[in-house]
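**Q** below: sequence and its predicted model.
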Amino acid sequence: MTTHTTPPRLSEHVEQLLAPGGPLPIVAAGDPVLRGITEPYDGQLDDTLLERFVQALRTTMLDAPGVGLAAPQVGVPLSIAVVEDRARGPREVLEARGRTPLPFRVLINPTYEPEGDTLASFFEGCLSVPGWQAVVARHARVRLRGRDEHGREIDEEFTGWPARIVQHECDHLDGTLYLDVAQPRSLSTNEAVAERWSQPTPEVAARELGFELP
Ligand code: ZN
């Protein structure tokens, strides 16, 4: 038995989504597709369609702009995500966050597990929750397993900001939004983060907004 129940409909849906060309519409919080557990990718899209789909995800991510995008964020309930971070910004901020460039990657059926107990807390946002950011304590180091778009095995450690990005995207594939695991009292508009909380670390925000840092 195959695990996927409606492969023809899913590939037709993706074909229709890609037909106009250019960036795809991003699904916002409130749509149930962001809350479902995605189907593992198991050939539901043929090789050509998969390649076109991941390129469209990349175009959409870069256009937004963002540093990661998961298939449910364009309404496709498959376990596929893309990540890419060119890591631009003030040097002291990049250093404090361990924000090193993350080359473009496609993650198929990815899962992660923490390596060690260290947590890192920083503001993050999500293209499906536009306008807002909140502080999330995430594992500083994770081991990521899965496949790439060519079916090659991925088994790698990620640290710093790349570790945060892959955790955020893997969580999307399990129906979790970053707000589910954020410090609720840290919730800030993008404008508030730019005006008040642009320090390299969220310690001032924690003190003034009244939330805990691990
Ligand atoms: Zn997101």
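**A** Arrived safely, thanks for sending. Residues are numbered from 1 along each chain as shown.
**Q** wait, V193 touches F123, no?
**A** Yes - contact criterion C-beta atoms under 8 Å: V193 and F123 qualify, at 5.7 Å. Any C-beta I mention is one placed from the backbone N, CA and C, and that applies to glycine too.
**Q** these two: which is more packed in?
**A** Neighbours per residue, other C-beta atoms under 10 Å: of V193 and F123, the larger number sits with F123, 24 against 18.
**Q** what sits opposite the more buried one in the beta ladder?
**A** The residues listed as beta-bridge partners of F123 by DSSP bridges are V135.
**Q** who's in contact with it?
**A** Shown in contact with F123 (C-beta atoms under 8 Å, 6 or more residues apart in numbering): Q133, A134, V135, S186, S188, V193, W197, P202, A205.
**Q** so for it, what's the pLDDT?
**A** pLDDT for F123: 98.
**Q** what's the separation between it and R88?
**A** Per C-beta to C-beta, to the nearest Å, F123 is found 16 Å from R88.
**Q** also L49?
**A** 32 Å.
**Q** tell me which of these two has more neighbours.
**A** Comparing L49 with R88 by other C-beta under 10 Å, the one with more neighbours is L49, at 15 against 8.
**Q** so what secondary structure elements neighbour the host helix or strand of the more buried one?
**A** Element membership for L49, per DSSP states H and E: helix 47-63. Judged by 3 or more C-beta pairs under 8 Å, 6 or more residues apart in numbering; DSSP states H and E, helix 47-63 is in contact with helix 7-18, strand 68-70, strand 80-85.
**Q** so which elements touch the first one?
**A** Yep, that's helix 7-18 we're talking about. Looks like helix 7-18 contacts helix 47-63 (3+ C-beta pairs under 8 Å, 6+ apart).
**Q** the helix it packs on: which residues count as buried?
**A** L50, R52, F53, V54, A56, L57, R58, T59, T60, M61, L62 (16 or more other C-beta atoms under 10 Å).
**Q** hmm, back to that, got a list of contacts for the helix holding L49?
**A** With C-beta under 8 Å, 6+ apart as the criterion, helix 47-63 contacts 11, 14-15, 17-18, 22-24, 26, 41, 45, 67-69, 71, 74, 76, 80-82, 84, 104, 106, 127, 149.
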